[in-house]
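>>> My questions are about this predicted structure, shown below with the sequence.
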Amino acid sequence: ARPVHLKDYRPPAYLIDRVNLDISLEPTRTRVHSKLAVRANPKAVGRREPLRLDGEHLELASIAIDGRPLAKKDYKLTDTTLTLTKTPSGPFTLDITTFVNPEANKALQGIYRSNKVYCSQCEAEGFRRITYFLDRPDVLATYTVRLEADIAAAPILLANGNLLERGTLPGGSRHYAIWRDPHPKPCYLFAIVGGNLAPISSTFRTMSGRNVDLAIYVEHGKEARAAWAMDSLKRSMKWDEERFGREYDLDVFNIVAVSDFNMGAMENKGLNIFNDRLILASPETATDAIFEAIESVVAHEYFHNWTGNRITCRDWFQLCLKEGLTVYRDQEFSADERSATVQRIIDVRGLKTHQFAEDAGPLAHPVRPESYIEINNFYTATVYEKGAELVRMIATILGRDGFRQGMDLYFERHDGDAATVDEFVTCFEDASGVDLSQFKLWYSQAGTPELIANLRYDKDKKVANLEVEQILAPTPGQPSKKPMHIPIRLGLLGANGHDLDLRLDGKPLEDGVVSLTKRKQTFRFSDVPSRPVPSLLRGFSAPVNVTLDLSDEDAELLMASDSDLFNRWQAANTYAARTLVESVKALTTGKRTNQGLRFARALGSAVQDDKLEPAYRAELLKLPTQSDIARIIGKNVDPALVHRAHRQLMKLVGKTLGPLLEDLYRDMADRGPFSPDAESAGRRALRNAALTLLAARGTPTDVARLAQHYGTATNMTDRAHALFLLAGRGGTEAKVALDDFYATWEKDNVVIDTWFAAQAQSPLAGTLSRVKALIKHPLFSLTAPNKVRAVVGTFAAANPVQFNRPDGAGYAFLTDQVLALDKINPQIAARMLGTLRSWRALESGRRAKARKALQRIARAKSLSPDVQEIVLRVLE
Ligand code: B3K
Ligand code: ZN
């Protein structure tokens, strides 16, 4: 497979205005008849090219132009293309009949079957597995789709848009439905579903007073578990009207939950298809984290209706145009529905753990990549989460109103377009008059900028000079970089912890935001009465790392009293990370450190403040993860030492704060019936965070409390939390809980994944053999992505100490799974392989073992382009 480059983009030589599909669903031989209205693209005149359509894994039955069947000599067929050598010069109709095999489709792209349900996934390039087509996002057409199937197997028949007609066919055993989507769309947004599913229904009245029929289709008997998703959908629809003035544009909005899905969900026009784990939830079956994820993914897919569907991408290099923007929108939605500070902490935590790690390794790429071999490998934390940060920075630079004006202009100017990132940014420039040309480097330069900050205070002049330097380390293919435009929101704390008034170069700095645009720059604050403590990057105003030499006292002041609660948490988190890095060093050199105790006490006083909401206090109590510490250490990492240091600190905090944690554990117990709202979830989170630290202390009382927490849990949040902790400890209590969990949930395909994951994340020495047994378990299957993620994914991504066993057996296991998976589902195989991306940062012994594992994959025959691309980049 050859790379595709952004610089080679050319408009399509042909356009397809209308698509008529007639799909007759059969398990192994589905017939697809497609009738296309084709014409030469006026924007590509002078390029008289043959019409070359994409198509893969198709059986071609017939082709006709304007009703005249084509002879073999009139077209050329390869594994991936169908080229028509002679086409009329004016508009023409192209009829193509193909056959596909849904039952055999385990790559889960195109039309496939999950639990007997026919469904489809086309993004990024799955439509070419349904019929021959111009499978690129800048070819927009209106679709009319006729579906036909056995009534018994598929009483429900759905496609994009509005239902036109349905009926039974002569003979009575088959039926059909005709759907029409009036909005022109690229083929990646096409979808169909056929199956025996149960709906829950509702309606939504839009801002202009239209009624929209809403339905969520799930497995029979699971209807009650779709209520939260429905509630989330309605709140999303309302929010998009209020916050962005965006109204829904069809008469129906359908969501279908399926079990086998390569990712979380898909925003097909009017017919979103979801991984069932992100739809189904009840107090007994889903954790608060899942309730939260359902709310945010339902919102995300809904928000795509405007950012992605009405305005789509010109080409796949522009992916962040819809993904980064839509993540930003769903994050803002969650911030409005819940606690904005806690939401920001959760989002930043995720960004650092996943995106910063990606940006620091061999898979680093710009938010707008310049080339790819397999586009599915670029649905990454960088495109999504860093992409969202770029939109957030534009909002920070322009302010809330300026940002909204830019968005309004974008919707007005580009509705119906396949747009580019440049066009998007231009809307903000045009609406505000602010020059964003330097800012645009964020889209093309990869890597996490490093800010080195220094504050010098001149007590005679009462001036504080904040010097900031930006360091842009090389990333693959980008040895040197230009300085970026980095918005820094900041505050200066006086000795009592209060914010001082900011006067930058003598003028009041109202919004507290300064722009770093040079490599090195000094910001001069005047009328500063005493030496201040800087609070930098408030609300995480830019996706960068900051190094600022703070004394323990200064860090403690920020932790105790920063008015920016995000930064108060950030100070605690940075303090914890620094403490952990120091303990890892101490473990290496055999020296002792007292830092842990000091940190624990500071944490105690920060958490004690009961004016803070419980969810926020829970975030304070969560230490940085082991992979965060590994990323900060950056080279020669010994994951076993990181794990030991982490455990020691947990234990120390548990011991030092024992009485406080016990109080919290008692006080935060659920009052009244379960409710998934943010406040109640926050109390559970704080209680479980306290439980975690107490369990780390490990006294018999603590273990008994933990076992009891499991046994008496009345909801899945508490039960799963205890299960993970118990499985991490082992012993009889763990076995009892795991057996109980299995017996209770073995028939539930979604919930049982918690049982798989709890075992795969256990840091105990026997975990790899357990994981090897789990992949032989009757409920496990390599063809089910959720199972693969629960076992293989959890082991490789959430169990640093056992995955990185010094003998390399963890890597060898992963290699075996990747090679086996690659024959079944290359997208999932490539994802799993990505867990090895930080291998170069390991100490030499493990590094050599990881390299061997990677080389074994690289040498394997007939790899998919997906895995081939990842292995080449990771090894480079
Ligand atoms: N747009 C889809 C992701 C498609 C992934 C293709 N490999 C879901 C989303 O981001 O909303
Ligand atoms: Zn998306």
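Perfect, thanks for sending it. Numbering: from 1, shown residues only. Ligands and ions are numbered 1, 2, ... in the order given.
>>> Kindly report the residues of the chain close to ligand 2.
When proximity is defined by Cβ under 5 Å from the ion, the chain lies next to ligand 2 at 323, 326. The way it works is simple: take the backbone N, C-alpha and C, and place the C-beta from them, glycine included.
>>> what does the stretch 201-350 of the chain put close to ligand 1?
263, 265-267, 300-301, 304, 323 (Cβ under 6 Å from any ligand atom).
>>> one more time with 8 Å
Taking Cβ under 8 Å from any ligand atom as the contact definition, the stretch 201-350 of the chain meets ligand 1 at 262-267, 297, 300-301, 304, 308, 322-323, 326.
>>> and if you look at the stretch 51-200 of the chain?
Within the stretch 51-200 of the chain, the positions lying close to ligand 1 (Cβ under 8 Å from any ligand atom) are 121, 123-124.
>>> Show the buried residues in the residues of the stretch 201-350 of the chain next to ligand 1.
Among these, those classed as buried by 16 or more other Cβ atoms under 10 Å are 262-263, 265-267, 297, 300-301, 304, 308, 322-323, 326.
>>> I'd like the residues you listed as TSV, with secondary structure appended.
Shown next, in TSV, are these (DSSP: H, G, I helix; E, B strand; the rest coil):
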residue	secondary structure
Asn262	coil
Met263	coil
Ala265	strand
Met266	strand
Glu267	coil
Val297	helix
His300	helix
Glu301	helix
His304	coil
Gly308	coil
Lys322	helix
Glu323	helix
Thr326	helix
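>>> one step back: list the ones among the residues of the stretch 51-200 of the chain next to ligand 1 that fall in strands.
Gln121 (DSSP state E).
>>> Closest one of the residues of the stretch 51-200 of the chain next to ligand 1 to Leu271?
Using Cβ to Cβ, Gln121 is the member of these that sits closest to Leu271, with 11.8 Å.
>>> So the closest one sits against Asn262, correct?
Yes - proximity of Gln121 to Asn262 meets the contact threshold set by Cβ atoms under 8 Å, at 6.6 Å.
>>> Mutual contacts of the two, please.
Overlap of the contact sets of Gln121 and Asn262 (by Cβ atoms under 8 Å, 6 or more residues apart in numbering) consists of 108-109.
>>> residues near the closest residue to ligand 2 within the stretch 701-850 of the chain, how many?
Ligand 2 sits closest to Gln827 of the stretch 701-850 of the chain, with a gap of 15.6 Å, by Cβ to the ion. Gln827 has 24 neighbours, counted by other Cβ atoms under 10 Å.
>>> Show the contacting residues for Tyr379.
By Cβ under 8 Å, 6+ apart, the contact list for Tyr379 reads 124, 263, 319, 323.
>>> follow-up on the earlier one: any chance of CSV for the residues of the stretch 51-200 of the chain next to ligand 1, columns neighbour count and distance to Pro778?
Formatted as CSV, these follow (neighbours: other Cβ atoms under 10 Å; distance: Cβ to Cβ, whole Å):
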residue, neighbour count, distance to Pro778
Gln121, 27, 27
Glu123, 25, 33
Ala124, 20, 34
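>>> Pull out the buried residues from the host helix or strand of Asp816.
Assigned by DSSP states H and E, Asp816 belongs to helix 809-822. Using 16+ other Cβ under 10 Å as the test for burial, helix 809-822 gives 809-819, 821-822.
>>> could the residues of the stretch 51-200 of the chain next to ligand 1 be laid out in CSV, adding pLDDT?
Output for those, formatted as CSV (pLDDT from 0 to 100):
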residue, pLDDT
Gln121, 99
Glu123, 99
Ala124, 98
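>>> between the residues of the stretch 51-200 of the chain next to ligand 1, which is nearest ligand 1?
Distance to ligand 1 across those (Cβ to the nearest ligand atom) is lowest for Glu123, with 4.2 Å.
>>> what's near enough to touch the residue nearest to that closest one when sequence neighbours are not counted?
Counting by Cβ to Cβ, 6 or more residues apart in numbering, Glu123 lies nearest to Tyr188, which is 4.2 Å off, once chain neighbours are set aside. Residues in contact with Tyr188, defined by Cβ under 8 Å, 6+ apart, are 122-127, 135, 137.
>>> re the thing from before, can you add pLDDT and distance to Ile471 and give the buried ones among the residues of the stretch 201-350 of the chain next to ligand 1 back as JSON lines?
JSON lines is the format used below for these (pLDDT from 0 to 100; distance: Cβ to Cβ, whole Å):
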{"residue": "Asn262", "pLDDT": "98", "distance to Ile471": "37"}
{"residue": "Met263", "pLDDT": "98", "distance to Ile471": "34"}
{"residue": "Ala265", "pLDDT": "99", "distance to Ile471": "38"}
{"residue": "Met266", "pLDDT": "99", "distance to Ile471": "39"}
{"residue": "Glu267", "pLDDT": "99", "distance to Ile471": "38"}
{"residue": "Val297", "pLDDT": "99", "distance to Ile471": "36"}
{"residue": "His300", "pLDDT": "99", "distance to Ile471": "33"}
{"residue": "Glu301", "pLDDT": "99", "distance to Ile471": "38"}
{"residue": "His304", "pLDDT": "99", "distance to Ile471": "36"}
{"residue": "Gly308", "pLDDT": "98", "distance to Ile471": "35"}
{"residue": "Lys322", "pLDDT": "99", "distance to Ile471": "31"}
{"residue": "Glu323", "pLDDT": "99", "distance to Ile471": "28"}
{"residue": "Thr326", "pLDDT": "99", "distance to Ile471": "31"}
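>>> Same list (the buried residues of helix 809-822) but as JSON lines, adding distance to Val544 and pLDDT.
Output for the buried residues of helix 809-822, formatted as JSON lines (distance: Cβ to Cβ, whole Å; pLDDT from 0 to 100):
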{"residue": "Ala809", "distance to Val544": "37", "pLDDT": "98"}
{"residue": "Gly810", "distance to Val544": "32", "pLDDT": "99"}
{"residue": "Tyr811", "distance to Val544": "32", "pLDDT": "98"}
{"residue": "Ala812", "distance to Val544": "37", "pLDDT": "98"}
{"residue": "Phe813", "distance to Val544": "36", "pLDDT": "99"}
{"residue": "Leu814", "distance to Val544": "32", "pLDDT": "99"}
{"residue": "Thr815", "distance to Val544": "35", "pLDDT": "98"}
{"residue": "Asp816", "distance to Val544": "39", "pLDDT": "98"}
{"residue": "Gln817", "distance to Val544": "35", "pLDDT": "99"}
{"residue": "Val818", "distance to Val544": "33", "pLDDT": "99"}
{"residue": "Leu819", "distance to Val544": "38", "pLDDT": "98"}
{"residue": "Leu821", "distance to Val544": "36", "pLDDT": "98"}
{"residue": "Asp822", "distance to Val544": "36", "pLDDT": "98"}
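>>> from those residues, which single one is nearest Arg568?
Closest to Arg568 out of these is Gly810 (37.4 Å), distances taken as Cβ to Cβ.
>>> Relative to ligand 1, how far out is the closest one?
Per Cβ to the nearest ligand atom, to the nearest Å, Gly810 is found 27 Å from ligand 1.
>>> Out of the contacts of Tyr188, which comes closest to ligand 2?
Glu123 (9.0 Å).
>>> I'd say that closest one and Cys187 touch.
No - under the criterion of Cβ under 8 Å, Glu123 is not in contact with Cys187, lying 9.4 Å apart.
>>> The closest residue to Arg277 other than its chain neighbours in helix, strand or coil?
For Arg277, ignoring the flanking residues on the chain, the nearest one in space by Cβ to Cβ, 6+ apart is Val750 at 5.1 Å. Three-state call for Val750 (three-state DSSP): coil.
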